[in-house]
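In: The amino acid sequence is not available; the structure is as follows:
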DNA sequence: CAAATCCCGAGTATTTTAGTAAGCTATTGT
DNA sequence: ACAATAGCTTACTAAAATACTCGGGATTTG
């Protein structure tokens, strides 16, 4: 998704290209992006010169959106999963459940606050810093 | 650890009792508490009438302390583990690493802010609420 | 038509998790 | 002394999750 954000507005990006640039197997990417497409985060264009594009602007997609599709609902333990939490008999007077809920919300808070656009900015900064050190040495 | 906190100041608590009260196998508890003892969070007393006690007051032990012993260093992904993070070639200009660091710190922040004493208070409240509903119905 | 791509379902190797099992060692009460 | 209690240690295991690979089909473009 970061790679797609990087080329947002330049037409469809093929998985072959993403695979090469990011060092991830094309087959594996296909599997991952399938879910992202079904979730409406990317659009696909079939056939030669086809590929994928983000379905929304990079600042409208959060890391939380992506993670929830790829990894499932945020859930430090199953009984406090964001979706379909696993039923537990002891839940009524369980002291740890409240703790896991706090953990879950704190994770979600972080992930939902970061957009793909934020990642682009961070990447630029990383690049600038790398260049700085290059010249310095 | 919560059960030991519950009986803090009453002498050693045997794993047999903890196992019965908390519905966890005694054998499994032995395995878990072994690490907690080595980490200095509990003290053991061998022999008949022996058992375990917290090594510090409940307000001096955080959930983070316990989790780190039982589950290892906090690490949403291995490359940002609190201890001995796994080396990654791409780390130099990895955009996601920073995100995972924020997630890690946010989890640690929650867990380190809750003490066993806090859990005792929460448990009391859960108990009060349960009683309230019992009378109400 | 052929090449480039997306699309889909199955299969797999490794690791982690949450335990079980068996047997030893230390202490205490009678 | 000795039996009962309870801690201590190592090894094993069953099930699930993870991170993939593999093969083949469906679409579109030149």
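Out: Now that the structure is in, tell me what you want to look at. Please read these numbers as outputs of a predicted model, since none were measured by experiment. Numbers count the residues shown, from 1 in each chain, chains lettered A, B, ... in the order given.
In: Give me every residue in chain A lying close to DNA strand D.
Out: Residues of chain A found near DNA strand D (CB under 7 Å from any atom of the strand) are A:24-25, A:27-28, A:30-31, A:46-50, A:71-72. (Glycine included, C-beta is placed from N, CA and C.)
In: my read: residue A:22 touches residue A:6, true?
Out: No - judged on CB atoms under 8 Å, residue A:22 makes no contact with residue A:6 at a distance of 9.9 Å.
In: Please enumerate the strands of chain A.
Out: Per DSSP state E, chain A carries strands over the ranges A:42-45, A:51-54.
In: any low-confidence regions in chain A?
Out: Within chain A, the stretches with pLDDT under 70 are A:136-137.
In: And the helices in it?
Out: A:2-6, A:15-22, A:26-38, A:63-71, A:95-112, A:116-136 (DSSP state H).
In: Mind putting those helices into a markdown table with mean neighbour count and distance to chain B?
Out: Conversion of the helices of chain A to a markdown table gives the following (neighbours: other CB atoms under 10 Å in any protein chain shown; distance: least, CB to the nearest CB, whole Å):
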| stretch | mean neighbour count | distance to chain B |
| --- | --- | --- |
| helix A:2-6 | 19 | 6 |
| helix A:15-22 | 15 | 9 |
| helix A:26-38 | 14 | 14 |
| helix A:63-71 | 18 | 6 |
| helix A:95-112 | 19 | 4 |
| helix A:116-136 | 13 | 5 |
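In: Figure out which of these is closest to residue B:36.
Out: Among these, helix A:95-112 comes nearest to residue B:36, with 15.8 Å by CB to CB.
In: Give me the contacts around stretch A:116-132.
Out: Contacts made with stretch A:116-132 from outside it, assessed by CB atoms under 8 Å, 6 or more residues apart in numbering or on different chains, are listed as A:1-2, A:5-6, A:54, A:57-59, A:61-63, A:66, B:92-96, B:98-99.
In: rerun that using 6 Å as the cut-off
Out: Counting contacts by CB atoms under 6 Å, 6 or more residues apart in numbering or on different chains, the residues outside stretch A:116-132 that touch it are A:2, A:5, A:58-59, A:61, B:93, B:95.
In: how far is that stretch from where the chain is centred?
Out: Relative to the centre of its chain, stretch A:116-132 is centred 17 Å away, using CA atoms, centre = their mean, to the nearest Å.
In: likewise stretch A:6-17?
Out: That offset, for stretch A:6-17, works out to 16 Å (CA atoms, centre = their mean).
In: for stretch A:128-137, same thing?
Out: The chain centroid and the centroid of stretch A:128-137 are separated by 29 Å, computed with CA atoms, centre = their mean.
In: cool, and stretch A:14-21?
Out: Centroid displacement of stretch A:14-21 relative to its chain, using CA atoms, centre = their mean, is 17 Å.
In: how close does the spatially closest residue to residue A:3 that is not a sequence neighbour get to residue A:7?
Out: If you skip the residues right next to it in sequence, residue A:3 has residue A:18 as its closest partner in space, 4.7 Å away by CB to CB, 6 or more residues apart in numbering or on different chains. Remark: distance between residue A:18 and residue A:7 (CB to CB, to the nearest Å) = 9 Å.
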